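>>> Sequence plus predicted model, see below.
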Amino acid sequence: MKILVVGAGATGGYFGALLARAGQDVTFLVRPARAAALRERGLRVVGRDEEWSITPRLVTADALDTPYDLVLFSVKSTGLDRAIEDVAPAVGPDTAVVPLLNGLAHMDALTARFGASAVLGGVAKVVTTLDDNGDIRRLAPLAHVTLGEQDGTASARAAKIRAVLEGAGIASPVPAHALTAMWHKWVFITTLGAVTSLMRGTVGDVYDTPGGPALGPALLDEAASVAAAAGHPVPEAERAATLAVVSVPGSPMVPSLYRDLSAGRPTEVEHLFGDLTARARALGVPTPLLDLATLHLRVHQRRVTAGAE
Ligand SMILES: NC(=O)C1=CN([C@@H]2O[C@H](COP(=O)(O)OP(=O)(O)OC[C@H]3O[C@@H](n4cnc5c(N)ncnc54)[C@H](OP(=O)(O)O)[C@@H]3O)[C@@H](O)[C@H]2O)C=CC1
Ligand SMILES: CC(C)(CO)C(=O)C(=O)O
């Protein structure tokens, strides 16, 4: 299977490196600066008592001219539109496009550009970040990719992709429905993202403060109400799993959104929060805490964008 990973960042770099290390035919679509850094240093995975690297096969958009079997989309939502145009020459009639972004709006953008039959639903569960050297730093042992057809049917190509992922050590359970799995991850990430971003602290910082333990459940109730109104109710076990993550004394857990916020970078606010609260309004679901988180992140975005001008 010829695999193109779009973006050699925290998620794409990690999954792509695992696939390449397992002997898969992997190429990374990168922009020139990242290409130069990777040529010099290799693609290195560090942290959690491991340190290994691959020499990645790289391509830049100007040199992309043949279709791939699988395109793994792992850019942030802020870079989505540009990446969709860049990757277009790699998407042919038999290409499967699997996005690993959090949120849901990218499904519309990818489907509009490549067609519903090309695009599968996808969810990444991994905790990685790019460190100051540009290496992939693993912060937790998770490595999951859940994927499936948008219409929920079982397909041979989804099964084949799952087998390739599993062969590289990436767990790839069969979801009941990939879009529902995306909704549930969205509920999880907005709950965790709002707890940490609103309070500007780790899960432990919030949980260990008087009044803090109530925040996660309140946010989860709001986000889960939106998902339920949209036709994707969150099962009790999934709610309990989210509560378990946001209710740990001393936990250093923060999501990638919080890392961007605290580093003064743009965040995925519109993709993760703007979209969810807009859907809540359309569905008539009140979400006062999520609205506050959205405003908080928008103020940051406005400052960062103004500073960049
Ligand atoms: N990090 C995590 O633990 C997890 C993240 N996610 C989600 O995954 C998505 C990706 O996040 P993450 O991997 O952390 O983000 P990163 O910023 O670490 O990586 C994104 C990469 O995409 C590259 N990129 C952007 N535009 C293009 C383009 N046009 N062509 C080629 N490369 C491009 C960037 O490269 P450049 O250097 O050129 O800017 C960057 O290296 C997000 O939606 C996030 O919410 C999901 C699960 C876990
Ligand atoms: C919380 C986490 C790590 C789960 O995969 C995530 O999705 C993110 O940080 O964006």
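Done, it's in. Ligands and ions are numbered 1, 2, ... in the order given.
>>> Helices along the protein, start to end?
Taking DSSP state H, the helices of the chain run over residues 10-21, 32-41, 80-87, 105-114, 156-167, 178-199, 203-207, 215-229, 236-246, 256-262, 269, 275-283, 288-308.
>>> any chance of those in JSON lines, plus distance to residue 65 and mean pLDDT?
C-betas here are computed from N, CA, C, even on glycine. As requested, those are exported to JSON lines (distance: least, C-beta to C-beta, whole Å; pLDDT from 0 to 100):
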{"stretch": "helix 10-21", "distance to residue 65": "20", "mean pLDDT": "98"}
{"stretch": "helix 32-41", "distance to residue 65": "17", "mean pLDDT": "97"}
{"stretch": "helix 80-87", "distance to residue 65": "12", "mean pLDDT": "98"}
{"stretch": "helix 105-114", "distance to residue 65": "17", "mean pLDDT": "98"}
{"stretch": "helix 156-167", "distance to residue 65": "23", "mean pLDDT": "98"}
{"stretch": "helix 178-199", "distance to residue 65": "30", "mean pLDDT": "98"}
{"stretch": "helix 203-207", "distance to residue 65": "46", "mean pLDDT": "98"}
{"stretch": "helix 215-229", "distance to residue 65": "41", "mean pLDDT": "98"}
{"stretch": "helix 236-246", "distance to residue 65": "43", "mean pLDDT": "97"}
{"stretch": "helix 256-262", "distance to residue 65": "32", "mean pLDDT": "97"}
{"stretch": "helix 269", "distance to residue 65": "35", "mean pLDDT": "98"}
{"stretch": "helix 275-283", "distance to residue 65": "34", "mean pLDDT": "98"}
{"stretch": "helix 288-308", "distance to residue 65": "33", "mean pLDDT": "95"}
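>>> and residue 96, which of those helices is closest to it?
Ranking those by their distance to residue 96 (criterion: C-beta to C-beta) puts helix 156-167 first, at 5.3 Å.
>>> With only the CA atoms kept, save that closest one in PDB.
These are the backbone C-alpha positions of helix 156-167, laid out as PDB (Å, rounded to 0.1, in the frame of the first residue of the first chain):
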ATOM      1  CA  ALA A 156     -12.500  -4.300   2.400                       C
ATOM      2  CA  ARG A 157     -10.400  -1.100   2.100                       C
ATOM      3  CA  ALA A 158     -11.100  -0.100   5.700                       C
ATOM      4  CA  ALA A 159     -10.200  -3.600   6.900                       C
ATOM      5  CA  LYS A 160      -7.000  -3.500   4.800                       C
ATOM      6  CA  ILE A 161      -5.900  -0.200   6.200                       C
ATOM      7  CA  ARG A 162      -6.600  -1.400   9.800                       C
ATOM      8  CA  ALA A 163      -4.500  -4.400   9.200                       C
ATOM      9  CA  VAL A 164      -1.600  -2.300   7.900                       C
ATOM     10  CA  LEU A 165      -1.900  -0.100  11.000                       C
ATOM     11  CA  GLU A 166      -2.100  -3.000  13.400                       C
ATOM     12  CA  GLY A 167       1.000  -4.500  11.700                       C
END
